[in-house]
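Chemist: Generate coordinates for the sequence data below:
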Amino acid sequence: MKSALLNIQSLLLLATTLLQSHYATSRIPILHSYAHLSLSVKDYGATGTGLQYDTVAIQSAIDDCSSAFFLHRRRCLVKFPPGKYLTATLYLKSGVTLNISENATLLGGTRLEDYPEKQDRWYVVVAEDAADVGITGGGEINGQGLEFVKRFDERKNVMVSWNETGACLGDECRPRLVGFIGCRNVRVWDVSFNEPAYWCLHIVRCQNTSIHDVSIYGDFNSPNNDGIDIEDSNNTLITRCVINTGDDAICPKTYTGPIYNLTATDCWIKTKSSAIKLGSASSYAFKHLVFDNITIVESHRGLGLQIRDGGNVSDITFSNINITTRYYDPSWWGRAEPIYITTCPRDSNSKAGSISNLQFINITSVSENGVFLSGSKGGILSDLKFLNVNLTYKRWTNYTDGLVDYRPGCQGLVNRSTTAGFVMEHIDGLVFENVNMRWSEEKTGLWNIPLDFRPSTVNNVSLLHFYSGLYRQ
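Modeler: A predicted model of the protein is given here:
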């Protein structure tokens, strides 16, 4: 009896194996590993030479991988062996993770016909309304951003804009690198994103996103090549990322809905714009955001809140952050502020948003300009706290100082002729505790106002253990 049972079990196992083998050979190549299903783009005919387009082969692998995910209820990897894979837009689907191996590069096409008709879907890789998707593997996705430079300029490159074709308007008509739109359970890790022509990693209306151990590099002189843009998305974690780019590095925005529960930790950032910037798109709320243990190097701005469209900001914490900011060409927004907060409306059709319950804890900076805290008549800054903050002010570039930058919109660039430790406008509730400001002895004529504010617009200020003095090496 025991022998008969064993024979029956063996036959059942064989029948199941044959059925699975028939399905796989009729539609999908061999699926490796029990933990993850996997397909190789090479099995679909991808050349990996970087000279001819592999779009059809790669998209076929993605489509079959997603079908396998729904069949087996296990995530599926699309594997890229070493090589260069030139592609038009790829559509990432539910259950699929792109596994771009070390020494493998996914190259974005540089022709208008490589991208969909609608500009808002111009990505090298895009996932829309998908779940359980990701990118990993140790390789890179490269947008060939330098191919979109019309004229190289150390101050700021002049970029190609496909508006000349009628495909879109304005001077920012170029493809983004990677986008997740309306997705759930997104994971991006152990991968490099290089040389985007426009924004690099775009998270739009997503829930539950994890981005870790990612390297982002964009040409330092190219505008609009943001690092990570988080738009109308909730429950987002960014950690252990290196971002070196020309434009804003980590940039939460609200166009159609709020942002809640964003945490960014353990990152290294260098940019000609803002290292961290909330806005300027800010039609809805920002709430429960944490930025911790971040190093910001030689950037134009450190920590920025640029609220222009009526959204309210509350419960934001910046902690354990080391900042160096310096002047760059004034064609870039920013004037070397380590911390920059503004709420002035974008234009006469916009309303002011408010900012409240903002904390800066254990912040150290060396900067060529002071801190700028500027509310507005309809957008008061309230309940701001600076705890254990060390600020050193010194000059080392030759750019003109004394300018206050309200851009975009508002008053533009305003010449104040002096440099203050803190410029403060339209504030109700401000606490300084253990704040140490040190001033360089060089060009001391410009460092003549530790705290610059009008009592008529700034109320309820508390100073405890506040120090201001000369910096001596």
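Chemist: Distance of D347 relative to F286?
Modeler: D347 is 21 Å from F286, where distance means C-beta to C-beta, to the nearest Å. Glycine gets a C-beta too; all of them are placed from N, C-alpha and C.
Chemist: quick one: which of the two has more around it?
Modeler: The residue with more neighbours, out of D347 and F286 and counting by other C-beta atoms under 10 Å, is F286; that gives 25 against 11.
Chemist: contacting residues for the residue lying closest to the more buried one once chain neighbours are set aside?
Modeler: Nearest non-adjacent residue to F286, counting by C-beta to C-beta, 6 or more residues apart in numbering: V313, 4.5 Å away. V313 is in contact with L278, S282, A285, F286, K287, L305, I307, G353, S354, I355, S356, L358, counting by C-beta atoms under 8 Å, 6 or more residues apart in numbering.
Chemist: which residues does A264 bridge with?
Modeler: The residues paired with A264 through beta bridges, assigned by DSSP bridges, are I238, F291.
Chemist: Ok, I259 next?
Modeler: Assessed by DSSP bridges, I259 has beta-bridge partners F286.
Chemist: Would you mind confirming that it is in contact with P252?
Modeler: Yes: contact between I259 and P252 holds when scored by C-beta atoms under 8 Å: they sit 5.1 Å apart.
Chemist: Quickly list what's touching both of those two.
Modeler: I230, E231, F286, L289.
Chemist: What residues are bridge-paired with the residue nearest to F286?
Modeler: When bridges are assigned using DSSP bridges, the partners listed for V313 are F286, I355.
Chemist: Please report the distance of it from T97.
Modeler: Counting by C-beta to C-beta, the separation of V313 from T97 is 34 Å.
Chemist: Likewise for V414?
Modeler: Counting by C-beta to C-beta, the separation of V414 from T97 is 49 Å.
Chemist: will you turn the shared contacts of I259 and P252 into JSON lines that also has secondary structure, pLDDT and distance to C183?
Modeler: Supplementary listing: the shared contacts of I259 and P252 in JSON lines, determined by DSSP: H, G, I helix; E, B strand; the rest coil; pLDDT from 0 to 100; distance: C-beta to C-beta, whole Å:
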{"residue": "I230", "secondary structure": "strand", "pLDDT": "98", "distance to C183": "13"}
{"residue": "E231", "secondary structure": "strand", "pLDDT": "98", "distance to C183": "12"}
{"residue": "F286", "secondary structure": "strand", "pLDDT": "98", "distance to C183": "20"}
{"residue": "L289", "secondary structure": "strand", "pLDDT": "98", "distance to C183": "20"}
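Chemist: of the residues you listed, closest to L463?
Modeler: Each of those was checked against L463 using C-beta to C-beta; the closest is L289, at 26.5 Å.
Chemist: That closest one and I316 touch, don't they?
Modeler: Yes: counting by C-beta under 8 Å, L289 sits close enough to I316 to count as a contact (4.8 Å).
Chemist: joint contacts of the two?
Modeler: Here L289 and I316 have L278 as joint contacts, going by C-beta under 8 Å, 6+ apart.
Chemist: The lowest-mean-pLDDT helix or strand in the chain: what's the following helix or strand?
Modeler: For the chain, the helix or strand with the lowest mean confidence is helix 2-27, at a mean of 36 (criterion: mean pLDDT, DSSP states H and E). Following the chain from helix 2-27 toward its C-terminal end, the next helix or strand by DSSP states H and E is strand 37-40.
Chemist: quick one: average confidence on that next one?
Modeler: Taken as a whole, strand 37-40 carries a mean pLDDT of 96.
Chemist: got a list of what T165 touches?
Modeler: In this structure, T165 makes contact with L112, judged by C-beta under 8 Å, 6+ apart.
Chemist: Look up phi and psi at it.
Modeler: Dihedral angles phi and psi of T165 (degrees, to the nearest 10) take the values phi -90, psi -10.
Chemist: What's the separation between it and F148?
Modeler: Spatial separation of T165 from F148 under the definition C-beta to C-beta is 14 Å.
Chemist: Quick one: which of the contacts of V313 is the most crowded by neighbours?
Modeler: I307 (30 neighbours).
Chemist: List phi and psi for that one.
Modeler: Note on I307: backbone dihedrals following degrees, to the nearest 10 are phi -90, psi 120.
Chemist: residues contacting the residue most central in space within the chain?
Modeler: For the chain, the residue whose C-alpha lies nearest the mean C-alpha position (C-alpha atoms, centre = their mean) is I228; its distance is 1.4 Å. Contacts of I228 were listed using C-beta under 8 Å, 6+ apart, and they are C200, L201, I203, I211, I216, I238, C241, I243, A249, I250, C251.
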